[in-house]
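> Provide a 3D model corresponding to the input given below.
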Amino acid sequence: MASPKHARSPGWTRPIAQCMAGTKLKASAPGPDLPCPGPEEHLDAHGSQSSNSSMTTRELQEYWQTQKRCWKHVKLLFEIASARIEEGRVSKFVMYQIVVIQTGSFDSNKAILERRYSDFEMLQKKLLKTFREEIEDVVFPKKHLMGNFAPEMISERKLALKEYLGLLYAIRCVRRSREFIDFLTRHELKEAFGCLRAGQYTKALDILVRTVPLQEKLTSHCPAMVVPSLCAMLVCHRDLECPAEAFAAGERALQCLQAREGHRYYAPLLDAMARLAYELGKDFVSLQKRLEEKQLRKPNPRGLTLKELTVQEYLY
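Numbers count the residues shown, from 1 in each chain. Below you'll find the predicted structure:
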C-alpha cells in the first residue's frame, strides 16, 4: 500500500526532533474496526469497516487468512484442584481452586484461580439471560439448605463444578461470550489494573503475567481483546525502567491488532513503541511512519497517551 507524501504532524515532529538532537525521551504517563467474532466491547460504537477501505483486495484476503489461523479453537481442560472453607465478615463460604490447562501439548502456562460458589451462581444467572436455550441441558449444582460445608458435599460439588465448566466450554457461543471470559479473568484483571492505577507496577505485572496467558487462550477467536492487558504490561515495564520487556509486550499487542488501525489502542501504542524503539536503538522510523499515515487517514488531535488509556480499564 503506497504511503502518501505529506508533512509530518506537529504532535509527533517535535519529540522526534528532540530525539535526533540527543534529548532522551522519558516515558509519558498514560474508530472503526473490521468486524471481529466474539464479545463486542472492544469494537467501536459504529462497527464500520471504513478504516480498512484503503486496503487492497489482496491485503484484505491475507489479513483474513491470518485472522482465521488465529481463531483456531484452543481446547482447555478445567479441574477443581482443591476447596477450602473461609470465614467471611458475615458468614463462611467455600473457595474453590480452578486449574485451567490447554490440552494436546505441554502447557507451561496453566492458570490457577479461585472462585466461590456465589461466583459460579452469578455466572449461571448471566448466561441464562443470553443463552437460555443453549445451556438448557447444562446442569448447575444447586445450593443446599444444610450440609454445604460437609467434606462429602464439598467433594461432590467439586466434581459437579468441574463438569459444569467443561459443558459450558463445549458450547461455542458460550465459551466466546463476555460472561464466560469475564468469569475466568475479570477478577484478576481488575486487581491488576487497580495496582497499575496505584503505581504498584511490580504487583500489577505479577498478576498480568499469570492471567494474560489464560486470557489469550480464551480470546484466540478475537486477539484484539487482550490488547489492553498487553499494553498494561508495557506501561508497567516502562515505568519500572525495563524498556526491552516493555517493547516485547508492545510487539505482542501490535501483532494482535494487525490491520485494525481504527482500534482505540492503535495510535497510542504506536507512539509508545516508537519512543521505546528510539531508546533501545531499534527502528523507530517505520513505527513513526505508520503512526503518521494513521493520523492522516483519521486525525485525532486530542488522543490519549497509552498510560492514560490503560488506567481507564476495569474501573467498575
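> Identify each buried residue in whichever strand or helix holds Glu293, please.
Per DSSP states H and E: Glu293 is located in helix 285-297. Neighbour counts using 16 or more other C-beta atoms under 10 Å place Leu287, Gln288, Arg290, Leu291, Glu292, Glu293, Lys294, Gln295 of helix 285-297 among the buried residues. Yep, even glycine has a C-beta here, placed from its N, CA and C like the rest.
> Repeat that for stretch 90-101.
Val94, Tyr96, Ile98, Val100, Ile101.
> so what strands line up beside the helix or strand harbouring the last one?
Pointing back at Ile101 there. Using DSSP H and E, Ile101 falls within strand 92-102. Strands that pair with strand 92-102, judged by DSSP bridges, come out as strand 76-87 (antiparallel), strand 111-116 (antiparallel).
> tell me the most buried of those?
Of these, the one with the most neighbours on average (mean count of other C-beta atoms under 10 Å) is strand 111-116, at a mean of 17.
> Other residues contacting the strand holding Ile101?
74-86, 107, 109-118, 120, 148-149, 154, 157-158, 161, 165, 184, 214, 217 (C-beta atoms under 8 Å, 6 or more residues apart in numbering).
> What of stretch 115-126?
The contact list for stretch 115-126 (C-beta under 8 Å, 6+ apart) reads 86, 93-96, 98, 140-141, 143, 148, 157, 161, 164, 179-180, 183, 187.
> Buried ones in it, by neighbour count?
Going by 16+ other C-beta under 10 Å, stretch 115-126 has these buried residues: Arg115, Tyr117, Asp119, Phe120, Leu123, Gln124, Lys126.
> which residues touch the most centrally placed residue in the chain?
Nearest to the mean C-alpha position of the chain, by C-alpha atoms, centre = their mean, lies Val226 at 2.1 Å. Contacts for Val226 were tallied using C-beta under 8 Å, 6+ apart; they are Val212, Gln215, Glu216, Thr219, Ala253, Cys256.
> repeat that for 6 Å
By C-beta atoms under 6 Å, 6 or more residues apart in numbering, the contact list for Val226 reads Gln215, Glu216, Thr219, Cys256.
> okay, the angle between the host helix or strand of the second one and strand 111-116?
Secondary-structure assignment from DSSP H and E places Glu216 in helix 201-218. An angle of 90 degrees separates the directions of helix 201-218 and strand 111-116 when computed by axes from the mean of the first three to the mean of the last three C-alpha atoms, to 10 degrees.
> wait, which of the buried residues of stretch 115-126 is closest to Ala248?
Arg115 (30.8 Å; C-beta to C-beta).
> Which pLDDT value belongs to the closest one?
Looking at Arg115, its pLDDT stands at 97.
> Okay, and the beta partners of it?
In this entry, Arg115 is beta-bridged to Tyr96, by DSSP bridges.
> returning to what we had before: may I see the buried residues of helix 285-297 organised as TSV, with distance to Gln200 and pLDDT added?
Formatted as TSV, the buried residues of helix 285-297 follow (distance: C-beta to C-beta, whole Å; pLDDT from 0 to 100):
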residue	distance to Gln200	pLDDT
Leu287	29	96
Gln288	32	95
Arg290	32	93
Leu291	30	93
Glu292	35	92
Glu293	37	90
Lys294	32	88
Gln295	33	85
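> Distance to Ala192 for those residues - can I get that in a markdown table?
Compiled in a markdown table, the buried residues of helix 285-297 are given as follows (distance: C-beta to C-beta, whole Å):
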| residue | distance to Ala192 |
| --- | --- |
| Leu287 | 26 |
| Gln288 | 30 |
| Arg290 | 28 |
| Leu291 | 27 |
| Glu292 | 32 |
| Glu293 | 33 |
| Lys294 | 28 |
| Gln295 | 30 |
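> ok, these vs Lys307, which is closest?
Using C-beta to C-beta, the buried residues of helix 285-297 come closest to Lys307 at Leu291, 16.7 Å.
> Spell out which residues sit in contact with the closest residue to the closest one other than its chain neighbours, please.
With sequence-adjacent residues excluded and distances taken as C-beta to C-beta, 6 or more residues apart in numbering, Leu291 is closest to Leu270, at 4.2 Å. For Leu270, the contacting residues are Leu287, Arg290, Leu291, by C-beta under 6 Å, 6+ apart.
> Dump the residues you listed into JSON lines; add distance to Arg264 as well.
What follows is the contacts of Leu270, written out as JSON lines (distance: C-beta to C-beta, whole Å):
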{"residue": "Leu287", "distance to Arg264": "18"}
{"residue": "Arg290", "distance to Arg264": "16"}
{"residue": "Leu291", "distance to Arg264": "14"}
